[in-house]
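Visitor: based on what follows, work out the 3D shape:
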Amino acid sequence: MIETHDVALTSAEHDFRVRVYPAPDPGGAMLVWLHGGAFMFGTLDMPEADQVGRRLSERGITVVSVDYTLAPLGALDAFGPPPEESDVSPEQIRAEAAAAGPRARFPVPSLQTVAAFDWAVENAVRYAADPARVSLGGASAGANLATGAAMRLRDRARRDRGATSPRFLALVYPSLHDGILEPNDETAGILRDVPAGRLFTPEIRSVINRNYLPDGDDPHGYAFPGGHDLTSLPPTLIVNAERDSLRPSGEAFAAELARASVDVRVVRQHGAMHGYLSEIGAPAAERTLALLEQAISQA
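Guide: This next block holds a predicted model:
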């Protein structure tokens, strides 16, 4: 059983915390991990956060899971009612979301991600990890935050040669562009069979993104990295869900990284839908955890 502990931090004038999953048999690598949730949902206890932390720490990687400040609930109505098969009522969703505490839009979560990375580097030796082997990663909106923070850290390293940057970037079903990218014919055909409640439409994505970054002003790409300067980012693993309307973003971003001369590996989890890391024991989740462990351990 992994014994976790929480650490209180402050960044961008907002308190937040990280949950540390110390590896019982550390292999020297550390991962700063961010859950998803459309920037306004998610907790450290959801499987997408907790399962990743526990499973990777069991495999020798100390994980620092970030409880970043969530965005306001202004986009909540865009999601509509939960799927019919869900046992969670709309009232429960609203109650749980409202219990998250103070909220803030970009750039607060992005700056907190940088602060969490810096804390991990400063404390890596305490967990028998190498400060030069601290990676960044996340799922969905968390993958967006991890990438934006990696860009901030890259730019900081360009100004200060002694500054530490992530060793590796691990992105699972990421949302990296400001909007839904048009799928090709093959992808569009696959998405036609996905329940409507499991897909992000252009309208929903627009509401979510404007809730996070109201004016859309993003000159450096720290909010939505796609289409911006990606040179000098760390080697990257992108794992996409096949039956996900965000998959074109992950695939396009992989191509952008390759054009920027960044080492990138892109994997498609066949048959999987968005959010599968919260399905404990699901084949796609198991395969992805194995990919994360291998990539981060060897980085």
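
Visitor: this protein: helices as residue ranges?
Guide: 47-58, 90-98, 108-123, 141-159, 185-191, 202-212, 247-259, 283-298 (DSSP state H).

Visitor: how deep is Pro26 tucked in, by neighbour count?
Guide: Counted by other C-beta atoms under 10 Å, the residues lying close to Pro26 total 17. Yep, even glycine has a C-beta here, placed from its N, CA and C like the rest.

Visitor: so it sits right up against Ala129, yeah?
Guide: Yes - if you go by C-beta atoms under 8 Å, Pro26 and Ala129 touch, sitting 6.1 Å apart.

Visitor: so for the two, which residues contact both of them?
Guide: Thr62 (C-beta atoms under 8 Å, 6 or more residues apart in numbering).

Visitor: nearest to Tyr222, out of the helices of the chain?
Guide: Tyr222 lies closest, by C-beta to C-beta, to one member of the helices of the chain: helix 141-159, at 4.4 Å.

Visitor: packing partners of the closest one?
Guide: Under the contact criterion of 3 or more C-beta pairs under 8 Å, 6 or more residues apart in numbering; DSSP states H and E, helix 141-159 touches strand 29-34, helix 108-123, strand 134-139, strand 169-172.

Visitor: what's near enough to touch Thr69?
Guide: With C-beta under 8 Å, 6+ apart, Thr69 has these contacts: 12, 14, 16, 102-104, 108-109, 112.

Visitor: Ala299: which of these is nearest?
Guide: Out of these, the member with the shortest distance to Ala299 (by C-beta to C-beta) is Gln112, at 23.2 Å.

Visitor: is it true that the closest one touches Arg17?
Guide: No - using C-beta under 8 Å, Gln112 is not in contact with Arg17, being 9.8 Å away.

Visitor: which of those two has more neighbours?
Guide: Using other C-beta under 10 Å as the criterion, Gln112 and Arg17 rank with Gln112 on top: 27 against 16.

Visitor: distance of that one from Ala49?
Guide: As for Gln112, its distance to Ala49 is 15 Å (criterion: C-beta to C-beta, to the nearest Å).

Visitor: how about Val108?
Guide: 19 Å.

Visitor: follow-up on the earlier one: least confident of the helices of the chain, on average?
Guide: Least confidently modelled of the helices of the chain is helix 90-98, at a mean of 61 by mean pLDDT.

Visitor: wait, Pro72 touches Pro102, no?
Guide: No - proximity of Pro72 to Pro102 does not meet the contact threshold set by C-beta under 8 Å, at 9.9 Å.

Visitor: tell me who's in contact with Thr113.
Guide: 32, 34, 66, 68, 136, 145-146, 148-149.

Visitor: run the last query once more with 6 Å
Guide: 145, 149 (C-beta atoms under 6 Å, 6 or more residues apart in numbering).

Visitor: which outside residues touch stretch 228-238?
Guide: With C-beta under 6 Å, 6+ apart, stretch 228-238 has contacts from 150, 154, 166, 168-171, 221, 250, 254, 256-257, 260, 262-266, 295.

Visitor: pLDDT on that stretch, on average?
Guide: 98.

Visitor: could you check the strand of greatest length in the chain and say which residues are buried?
Guide: Counting by DSSP state E, the longest strand found in the chain is strand 264-273. With burial defined by 16 or more other C-beta atoms under 10 Å, the residues of strand 264-273 counted as buried are 264, 266-267, 269, 272-273.

Visitor: ok, stretch 278-295 next?
Guide: 278-279, 282, 284-285, 287-289, 291-293, 295.

Visitor: of Pro72 and Pro102, who's got more company?
Guide: Pro72 (16 against 11).

Visitor: I figured that one hits Arg103, correct?
Guide: Yes - look at Pro72 against Arg103 with C-beta atoms under 6 Å: they come within range, at 4.8 Å.

Visitor: for Phe253, give me its contacts.
Guide: Phe253 touches 176, 226, counting by C-beta under 6 Å, 6+ apart.

Visitor: and the closest residue to Ala258 other than its chain neighbours, how far from Ala254?
Guide: Nearest residue to Ala258 in three dimensions, chain neighbours excluded: Val264, at 5.6 Å (C-beta to C-beta, 6 or more residues apart in numbering). Here Val264 is placed at a distance of 5 Å from Ala254 (C-beta to C-beta).
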